[in-house]
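Participant: Sequence and predicted structure are below.
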Amino acid sequence: MRLHQQLVLFTLAAVVLPLTAVGFVSLRRTEAELSRRLEREQEAIATSAADRTAGALMGAVDSLAASARLIDWSQASPEEVRGALRLLAAQSELVGAVALVEGGTLRAFVAGGDGHPAFEGEGATLEGALPTAALGERGSVGQVATGAPLDVKRSAFLPVAIQVGPPGPRAPFVVALLGLEAAALRLATTGFSLVDLEGRIVGGQGAAFSPASPQWRALLAPGVHSGRLSSGAHLASAELPEHLGLFAVVERPAEEVDAPVAELRRGGLLGAGVVLGLLALAGVAFAGRLSRRLAGLTTAAQAFGRGELGFRLPVAGADEVAMLSGAFNAMGEELARARDKLTTWNDELKARVDAATAELRAAQAQLLEAQKLAAIGQLGAGVAHEINNPLTGILGNAQLLMLDHAEGDPDFEVLRSIEESAKRCRDITQNLLRFSQSQGQAQLRPVELNAVVRGALALEGPRCAEAQVTLEAQLAPGPLEVLGDADQLAQVLAQLCTNARTAVAGRPERRITVSTGADAGRVTLTVADTGKGIAPEHLGRIFEPFFTTKDVWSNIGLGLSVAYRVATEHQGRLEVSSELGKGARFTLSLPAHDPSLRPTPRGGEASPQSAGGRGTGVVH
């Protein structure tokens with residue numbers, strides 16, 4: 001016999017058989033406890049039904065007694081008596097009939113109306129079943145007595161007598177018949193019936209039991225009882241309080257009572273079968289586990305050979321196979337770490353090469369731009385020098401000729417046009433000379449950027465107010481020191497504000513926002529406007545000399561070029577971002593003079609009303 005077969009037989013003998021015996025005993029006990037719980041549950045339902053039915057009946061009795069005591073029956077006329085009886089009948093929907101009895105004689109009788117239990121008998125039928133004998137001689141006004149249930153043509157009623165006069169042979173009573181069927185149906189409880197002391201069903205949904213059966217008669221005793229009939233149905237009975245001589249009986253069919261027990265039995269047997277099957281499978285599986293673990297070692301070696309270093313063997317237990325599996329896993333982890341290190345080194349090297357390449361490209365572009373500006377400056381200086389002398393002669397002669405002509409003379413307007421054009425050319429040559437002469441003149445020293453911005457905005461404020469442009473300042477708290485030339489930095493801000501002021505002209509919202517901030521060892525100055533924006537194809541040329549997107553060419557197009565040159569001389573960057581229809585944003589980024597400068601939120605990301613020195617906004 002092979003090893004796995006021996007293991008299976010041992011499992012059956014040592015585990016399965018004892019477990020089966022214990023499960024069978026436990027199942028029988030559970031079934032018995034479930035049956036007792038169902039009996040208690042049905043007894044509780046019967047008790048609740050008895051209490052609710054008695055409450056409904058006695059509630060109607062109390063209402064009738066309270067109303068009957070308020071009427072002076074001895075002085076009432078026959079018509080008034082019938083009217084009073086009709087009022088009493090309307091007190092409760094359980095009332096089938098109401099009568100006034102005096103001296104054992106029926107004086108008046110009123111049947112209940114629509115919606116009340118139907119009383120199909122005559123008044124004479126009522127006289128013989130009235131519970132008045134117990135009250136007539138020794139009763140008092142307002143006392144109540146109930147009688148045995150009264151059957152009247154397939155309907156059962158509970159007679160109730162209420163004494164409404166002084167005791168004596170001719171004591172008057174109000175007698176009411178309460179419908180027991182109506183009281184039972186109000187509960188809407190399945191299998192509920194009302195039964196009297198003789199075992200007759202006087203209300204409810206009926207039952208499948210025979211009142212004459214011994215099992216049934218045994219249930220009609222004071223207290224709460226339950227039991228089974230020969231048909232298998234389960235009954236629970238509870239006596240109604242208030243000594244009404246009635247029992248509440250709740251019947252449940254055999255199939256309904258036995259269903260939970262049968263379900264439990266099926267579930268237990270099914271569970272036992274599943275457990276037995278699982279144990280058998282476990283025995284077979286355990287026998288084959290060893291061979292599979294050995295095969296796993298071969299699989300791991302093959303996976304490592306293919307380069308799948310993430311393959312791992314499950315390590316369970318402390319036997320030799322588990323130790324060998326752990327050694328394979330450790331080898332795979334070492335190989336994976338070595339490969340990860342090589343991959344990381346390659347990635348880092350690639351990142352460094354890419355970063356160095358990007359820096360070289362940026363430096364090359366900056367160098368080309370600086371060379372371009374220098375060449376343009378030299379060219380502009382030469383052109384300005386050559387043009388300035390003849391331009392001075394043209395301007396002077398035009399002004400002399402204007403002195404010889406009156407303002408109304410047609411030639412005067414021609415001469416004025418010549419003068420204005422000459423002045424424009426003079427301004428252009430002067431700007432070209434200043435642009436060429438400003439190369440390499442930056443005086444770099446520690447400068448507090450917020451102070452420079454405040455000074456420049458003090459000059460820009462009136463210009464913006466004149467152009468009806470809102471100028472806002474959002475300055476970062478604390479000192480923002482850079483190594484730079486305060487005059488040139490102020491010139492950059494002025495050029496950017498001038499450019500922004502031109503961009504917002506004619507727009508519905510004319511707003512310029514100047515903000516400062518610090519981030520990662522650099523200080524930033526940002527000028528944002530709500531102008532028409534810059535087309536994407538123009539962003540690459542925006543800092544070229546003589547390039548402009550203005551509708552009216554109001555200058556020589558060197559403002560942004562000068563600002564770009566100043567940023568370069570300060571070892572900084574001037575960047576632009578824009579979206580058509582939403583404005584442009586120019587950002588000057590400079591190295592912070594103090595390397596320990598802590599990063600603070602960018603000015604554009606905070607509210608101008610923030611505490612801590614945030615700049616004030618100038619609104620026009």
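Facilitator: Perfect, I can see it now. Residues are numbered from 1 along each chain as shown.
Participant: can you give me the strands for the stretch 1-150 of the chain?
Facilitator: 95-102, 105-111, 144-146, 150-152 (DSSP state E, counting those that start in this stretch).
Participant: Of the ones you listed, which is nearest residue 29?
Facilitator: Residue 29 lies closest to strand 144-146 among the strands of the stretch 1-150 of the chain, at 46.3 Å (Cβ to Cβ). Heads up, the C-betas are built off the backbone N, CA and C, glycines and all.
Participant: Now do the closest one: which elements does it pack against?
Facilitator: helix 17-68, strand 155-163 (3 or more Cβ pairs under 8 Å, 6 or more residues apart in numbering; DSSP states H and E).
Participant: Please state the backbone phi and psi of residue 221?
Facilitator: When read as degrees, to the nearest 10, the backbone of residue 221 gives phi -140, psi 160.
Participant: quick one, what contacts it?
Facilitator: Taking Cβ atoms under 8 Å, 6 or more residues apart in numbering as the criterion, residue 221 is in contact with residue 239.
Participant: now it: how far from residue 239?
Facilitator: For residue 221, the distance to residue 239 equals 8 Å [Cβ to Cβ, to the nearest Å].
Participant: Most tightly packed of the strands of the stretch 1-150 of the chain?
Facilitator: With neighbours taken as mean count of other Cβ atoms under 10 Å, those reach their highest mean count in strand 95-102, at a mean of 25.
Participant: which residue sits closest to residue 166, ignoring its sequence neighbours?
Facilitator: residue 141 (7.0 Å; Cβ to Cβ, 6 or more residues apart in numbering).
Participant: about what we covered before: so which of the helices and strands packed on strand 144-146 gets nearest residue 398?
Facilitator: So among those, helix 17-68 is nearest, using Cβ to Cβ, at 119.1 Å.
Participant: Now that closest one: average pLDDT?
Facilitator: Helix 17-68 shows a mean pLDDT of 80.
Participant: so how far is that helix from its chain's centroid?
Facilitator: Here helix 17-68 is found 43 Å from its chain centre; the criterion is Cα atoms, centre = their mean, to the nearest Å.
Participant: now swap in stretch 298-309 and tell me
Facilitator: Stretch 298-309 sits 47 Å away from the centroid of its parent chain (Cα atoms, centre = their mean).
Participant: tell me which residues in it are buried?
Facilitator: 300, 303-304, 309 (16 or more other Cβ atoms under 10 Å).
Participant: Make JSON lines out of the residues you listed and add secondary structure, distance to residue 451 and pLDDT.
Facilitator: JSON lines is the format used below for the buried residues of stretch 298-309 (DSSP: H, G, I helix; E, B strand; the rest coil; distance: Cβ to Cβ, whole Å; pLDDT from 0 to 100):
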{"residue": "300", "secondary structure": "helix", "distance to residue 451": "70", "pLDDT": "75"}
{"residue": "303", "secondary structure": "helix", "distance to residue 451": "68", "pLDDT": "79"}
{"residue": "304", "secondary structure": "helix", "distance to residue 451": "67", "pLDDT": "73"}
{"residue": "309", "secondary structure": "coil", "distance to residue 451": "61", "pLDDT": "74"}
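Participant: Most widely separated two among these?
Facilitator: 300 and 309 (10.5 Å).
Participant: who touches both of those two?
Facilitator: Contacts common to residue 300 and residue 309, judged by Cβ under 8 Å, 6+ apart, are residue 332.
Participant: helix or strand right after the one helix or strand residue 285 maps to?
Facilitator: Assigning secondary structure by DSSP states H and E places residue 285 in helix 254-305. Going down the chain from helix 254-305, the next helix or strand is helix 320-403, by DSSP H and E.
Participant: how close does residue 340 sit to residue 346?
Facilitator: Residue 340 is 11 Å from residue 346, by Cβ to Cβ.
Participant: Other residues contacting the helix or strand where residue 447 lies?
Facilitator: In this assignment (DSSP H and E), residue 447 forms part of strand 445-448. Here strand 445-448 makes contact (Cβ under 8 Å, 6+ apart) with 479-486, 489, 593.
Participant: Need the max-distance pair from these.
Facilitator: Longest span within the contacts of strand 445-448, Cβ to Cβ: 479 and 485, 17.8 Å.
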